[in-house]
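In: Build the 3D model from these lines:
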Amino acid sequence: MSNCKDDQEEEKEVLLSIYEADECFKHLDDQTYQYRIGDAGHFKSFLLEIKWGDTYPEELPTISLELFFNKHIPSDIKSSISSKVTAEADQWLGSAMTYTLFEFAKENADELMVDQTENVIIQEAPIEEKVEHVQVAKIKEKKVQLTKAQKRRIADRTDFKGERPRGWDWVDIIKHLSRTGSSES
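Out: All right, here's what the predicted structure looks like:
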């Protein structure tokens, strides 16, 4: 039991260091990890959740796809993915396997989601029809009011496109030297 906890702590540290900057990875608690496979919003993307038991890695982790993110995936495809990932987990029984399972899912994402179609009918469609559309008043952004003199100054400094002419910030060398004097004196 103590050995399993040590293995879990070690694997947790490794996972957190590997997926530190990866936005697809989520560490929910000490025994639950999620990884998004595919681009968010794509019809072939899914979220894979792996939950360790008390005696993990000596026992298989719980592999779940029953998450809100996966609502667009039919249950037969979810069970197919789950069974394929579980079959891969069987090979790694007794060793740290969470990283391996996430990588297996990433590498085989196209094969796992081969039966997924883009036009999936969602059963919750009738519920959306009952929702009342509430119109929100648009808040207009207040424009900065300029005086006539400020507008005239801006117009004098710019050309017809609103851009300053080329060389507007150049220093006239002769004027500059006459004011500052030469460096020899």
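
In: In contact with residue 66, which residues?
Out: Shown here is residue 66, whose contacts under the criterion C-beta atoms under 8 Å, 6 or more residues apart in numbering are residue 78. Heads up, the C-betas are built off the backbone N, CA and C, glycines and all.

In: For it, give its distance to residue 88.
Out: The span separating residue 66 from residue 88 equals 19 Å under the rule C-beta to C-beta, to the nearest Å.

In: swap in residue 164?
Out: In this structure, residue 164 lies at 64 Å from residue 88, with C-beta to C-beta as the measure.

In: More neighbours: these two, which one.
Out: When neighbours are counted by other C-beta atoms under 10 Å, residue 88 comes out ahead of the other of residue 164 and residue 88, with 17 against 11.

In: Once you drop chain neighbours, what's closest to that one?
Out: Spatial nearest neighbour of residue 88, excluding adjacent residues (C-beta to C-beta, 6 or more residues apart in numbering): residue 104 at 4.9 Å.

In: What segments of the protein are strands?
Out: Using DSSP state E, the strands found in the chain span residues 25-29, 32-37, 46-51, 62-64.

In: Figure out which of those strands is closest to residue 113.
Out: Between residue 113 and the strands of the chain, the shortest gap by C-beta to C-beta is with strand 46-51, which sits at 7.0 Å.

In: got the angle between that closest one and strand 25-29?
Out: The directions of strand 46-51 and strand 25-29 differ by 30 degrees, with axes from the mean of the first three to the mean of the last three C-alpha atoms, to 10 degrees as the criterion.

In: CA-only coordinates of strand 46-51, as PDB, when you get a sec.
Out: Only the C-alpha atoms of strand 46-51 are listed here, as PDB (Å, rounded to 0.1, in the frame of the first residue of the first chain):
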ATOM      1  CA  PHE A  46     -12.700  14.400 -26.700                       C
ATOM      2  CA  LEU A  47     -11.700  14.600 -23.000                       C
ATOM      3  CA  LEU A  48     -10.100  11.600 -21.500                       C
ATOM      4  CA  GLU A  49     -10.300  11.200 -17.700                       C
ATOM      5  CA  ILE A  50      -8.100   8.800 -15.700                       C
ATOM      6  CA  LYS A  51      -8.800   8.200 -12.100                       C
END
